[in-house]
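A.B. asks: only geometry, no sequence info:
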C-alpha cells in the first residue's frame, strides 16, 4: 500500500469533514446536529464502502477514513451523554443517568441502522452498475 | 465562529483523521480494535478539554470539535459493528458496541473529572 497519497487524502478529507461538522453544529440548535451528522456520515460510509470497493486506495481512504471519519464524531457524543447525566433534573433525578443513556442509545441505533442501510444502498448501486 | 477559527478546526480535524488512519490502516493492525482505542482516547481527551474551564473558547473548539472530533469517528464504529453482525459474529459485535459505548462514557466522565480537578492547579 502506498501510504503517502492516502495520508494526504485523509488529511484533506478529514479537514473538509470536520469543517462541515463544525458549520452544521453552529447552524443546528441543540444536540440534534451531532445525531444528524453521525447518522448521515454512517449512511454515506456504508454506501462508499460498498460502491468504492474497487476504487484506488487513496480515494477510498480520503472519503472513508478522511471525509466521513472526520465528519462523524464519537467523542462529542460521549461527552454530551455524560454531561446530560451530570445535569439531570426532573424525572431523571430518580434515575440520573437516564438522559445520557437515551443520547448514547439513540445515537447507537441511528448509527447502526444508517450504516446498514448505506451498505444495502451501495451494494444495489454496484449491482445496477454491473447489470 | 470566525473564518480563522473554522480553518483551525478543519486543520485540527485533518490532523486527528491522519492519526486515526495511521493507527488503524497499517497492514498489521486490527481495524476494529484501533477504532475502539482512538474513540476512547478521543473521548478522554475531549472530556478533559471540556472540563478545563481556563481554556479559551476558540482553542476549546479547535481542540475538542476539531482534533478530538476528527480523531474519533462514529461512522467507522457503526459500519464495523454492522459488518461483524453480517458475518454472524454477534458476540464480537456486542463486545465492540459495549466496549465503545460504555467505555466511551467512562472515558469522557474520567476526562471531565480530570479536567475539572486540574483547573485549580493552573494559574487562572
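C.D. replies: On my side now, so go ahead. Worth saying up front: this structure is predicted, and the values here are computed from it rather than measured.

A.B. asks: the biggest helix by length in chain B packs against which elements?
C.D. replies: Longest among the helix segments of chain B by residue count, using DSSP state H, is helix B:90-118. Under the contact criterion of 3 or more CB pairs under 8 Å, 6 or more residues apart in numbering or on different chains; DSSP states H and E, helix B:90-118 touches helix A:75-86, helix A:98-130, helix B:31-51, helix B:75-86. C-beta: built from backbone N, CA, C; applies to glycine.

A.B. asks: could you check the angle helix A:75-86 makes with it?
C.D. replies: 70 degrees (axes from the mean of the first three to the mean of the last three CA atoms, to 10 degrees).

A.B. asks: quick check: mean pLDDT of helix B:90-118?
C.D. replies: Averaged over helix B:90-118, pLDDT sits at 94.

A.B. asks: name the residues of it that come out as buried.
C.D. replies: By neighbour count on 16 or more other CB atoms under 10 Å in any protein chain shown, the buried set for helix B:90-118 is B:93, B:96-97, B:99-101, B:103-112, B:115.

A.B. asks: can you list the weak-confidence ranges in chain B?
C.D. replies: Within chain B, the stretches with pLDDT under 70 are B:25-28, B:53, B:120-124.

A.B. asks: how far away is the residue positioned nearest the centre of chain B from chain A?
C.D. replies: Most central in chain B under CA atoms, centre = their mean is residue B:42, positioned 2.5 Å from the mean C-alpha point. Distance, residue B:42 to chain A, using CB to the nearest CB, to the nearest Å: 4 Å.

A.B. asks: over to residue B:96?
C.D. replies: Separation of residue B:96 from chain A (CB to the nearest CB): 11 Å.

A.B. asks: what residues does that residue make contact with?
C.D. replies: Contact analysis of residue B:96 by CB atoms under 8 Å, 6 or more residues apart in numbering or on different chains lists B:32, B:36, B:77, B:80-81, B:84.

A.B. asks: quick revisit: I'd assumed residue B:74 was in contact with the residue nearest to the centre of chain B.
C.D. replies: No: Residue B:42 is beyond contact range of residue B:74, at 11.0 Å (criterion: CB atoms under 8 Å).

A.B. asks: anything in contact with each of those two?
C.D. replies: Taking CB under 8 Å, 6+ apart as the criterion, residue B:42 and residue B:74 both touch A:73-74.

A.B. asks: just to revisit the earlier point, show me the one of the helices and strands packed on helix B:90-118 that comes nearest residue A:36.
C.D. replies: helix A:98-130 (9.0 Å; CB to CB).

A.B. asks: the closest one close to chain B?
C.D. replies: Yes: Helix A:98-130 is in contact with chain B by CB under 8 Å from any CB of the partner chain, via A:100, A:104-105, A:107-108, A:111-112, A:114-116, A:118-119.

A.B. asks: out of those residues, grab the one that's most surrounded.
C.D. replies: In terms of neighbours by other CB atoms under 10 Å in any protein chain shown, the residues of helix A:98-130 next to chain B top out with residue A:115 at 30 neighbours.

A.B. asks: how many residues are close by residue 61?
C.D. replies: All of this refers to chain A. 25.

A.B. asks: right idea, wrong chain: chain B
C.D. replies: By other CB under 10 Å, 21 other residues sit near residue B:61.

A.B. asks: isn't residue B:32 right next to residue B:82, touching?
C.D. replies: No: if you go by CB under 8 Å, residue B:32 and residue B:82 don't touch, sitting 11.6 Å apart.

A.B. asks: contacts only, for residue A:18.
C.D. replies: By CB under 8 Å, 6+ apart, the contact set of residue A:18 is A:70-71, B:9-10, B:12-14, B:16-17, B:65-66, B:69-70.

A.B. asks: hmm, back to that, residues contacting the residue nearest to the centre of chain B?
C.D. replies: So residue B:42 contacts A:73-75, B:16, B:68-69, B:71-72 (CB under 8 Å, 6+ apart).
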